[in-house]
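# Pasting a predicted model and its sequence here:
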Amino acid sequence: MTPAGLGDDACHGVRPRRRDRGKRVDRTFAKGLAPTQARRLCSVTVPELTIRPMTAADAHAVAAWRYPGEYSFYDADADPDDLAELLNPAEWGQHYFAADEIAQHELAGLLVVKLTGPVAEIGLGLRPDLTGHGLGESFVRICLRFASAALGAPSYTLVVAAFNHRAITVYERAGFQEVERFEHFTNGGFHAFIRMARGGGDELLELAAQQARGQPERAAGGSPDP
């Protein structure tokens, strides 16, 4: 599915791109990505949120999330392939994770992560009612902390819809920088996307760019961009 886009809190998902598709991660995984590690990960607790393996209940809850206005682009059912991936039990705990509010014990967001060599491609999204409240940057950093602790990833990449300026601003605050722009067919048409990367120096930034070539595609899987 597709992650939503963050705003000042923009966390309407972003998600890693799926192989042979190109959407956001801001929703999908890019074509041509190498196989990721096939192992299930343990939970990692961070301040105010716990990230844990996704369950069937989580996946169906995320599938029902609805974002307002142009951010409906990130609704899980906006793209059949994204929805199928979200609801695939084989993805839960391997690539798809849930973020719970510790105090309320409620599902607050989701994280999608795939590791290709030293680069972790991520996609994330906050529950619709939590977007727009300044939570985006802290949520991004929590997700990066999880990816680092669970996978040891030193570098990160993501894809965000070009229209999602508030998400782009959040990612920049979290240390990401633009690597390239491309168009990908998703949600019934071609849409512009921006690939961003963080960490690892110029060499890994170039690796992130190379991963995206050989496709067209788009990404965030999970829900709207942050």
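Structure received.

# how about the strands in this protein?
44-46, 49-53, 96-101, 106-116, 119-126, 155-161, 177-186, 189-198 (DSSP state E).

# Highest mean neighbour count out of those strands?
Ranked by mean neighbour count, the strands of the chain are led by strand 119-126 with a mean of 33 (mean count of other C-beta atoms under 10 Å). Using the backbone N, CA and C atoms, a C-beta is placed for each residue, glycine as well.

# for that strand, packing partners?
strand 106-116, helix 136-151, strand 155-161, helix 201-212 (3 or more C-beta pairs under 8 Å, 6 or more residues apart in numbering; DSSP states H and E).

# average pLDDT across the shortest one?
Strand 155-161 shows a mean pLDDT of 93 in the predicted model.

# The longest one too?
Regarding helix 136-151, the rounded mean pLDDT is 89.

# list the helices and strands that helix packs on?
Going by 3+ C-beta pairs under 8 Å, 6+ apart, helix 136-151 lies up against strand 44-46, strand 49-53, strand 96-101, strand 106-116, strand 119-126, helix 165-173.

# Just tell me which of the ones you listed ends up closest to Tyr74.
Closest of the helices and strands packed on helix 136-151 to Tyr74 is strand 119-126, at 6.6 Å (criterion: C-beta to C-beta).

# tell me the angle of that closest one relative to helix 165-173?
130 degrees (axes from the mean of the first three to the mean of the last three C-alpha atoms, to 10 degrees).

# hang on, the earlier thing: tabulate the strands of the chain in CSV, adding columns for distance to Leu135.
What follows is these, written out as CSV (distance: least, C-beta to C-beta, whole Å):
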stretch, distance to Leu135
strand 44-46, 13
strand 49-53, 10
strand 96-101, 11
strand 106-116, 9
strand 119-126, 6
strand 155-161, 17
strand 177-186, 22
strand 189-198, 19
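
# of all the ones you listed, which lies closest to Gly69?
When the strands of the chain are compared (using C-beta to C-beta), the closest one is strand 155-161, at 13.1 Å.

# Now do the closest one: which elements does it pack against?
Strand 155-161 sits against strand 119-126, helix 165-173, strand 189-198, helix 201-212, with contacts defined as 3+ C-beta pairs under 8 Å, 6+ apart.

# rerun at 10 Å
For strand 155-161, the elements it packs on are strand 106-116, strand 119-126, helix 136-151, helix 165-173, strand 177-186, strand 189-198, helix 201-212, judged by 3 or more C-beta pairs under 10 Å, 6 or more residues apart in numbering; DSSP states H and E.

# List the buried residues of the third one.
Which is helix 136-151. 136-140, 142-144, 146-147, 150-151 (16 or more other C-beta atoms under 10 Å).

# Stretch 59-73: which residues count as buried?
Buried positions in stretch 59-73, judged by neighbour count with 16+ other C-beta under 10 Å: 59, 61-63, 65, 67, 71, 73.

# quick one: average pLDDT of that stretch?
The pLDDT scores in stretch 59-73 average 93.

# I'd like to know which of the strands of the chain is closest to Pro89.
Closest of these to Pro89 is strand 96-101, at 9.7 Å (criterion: C-beta to C-beta).
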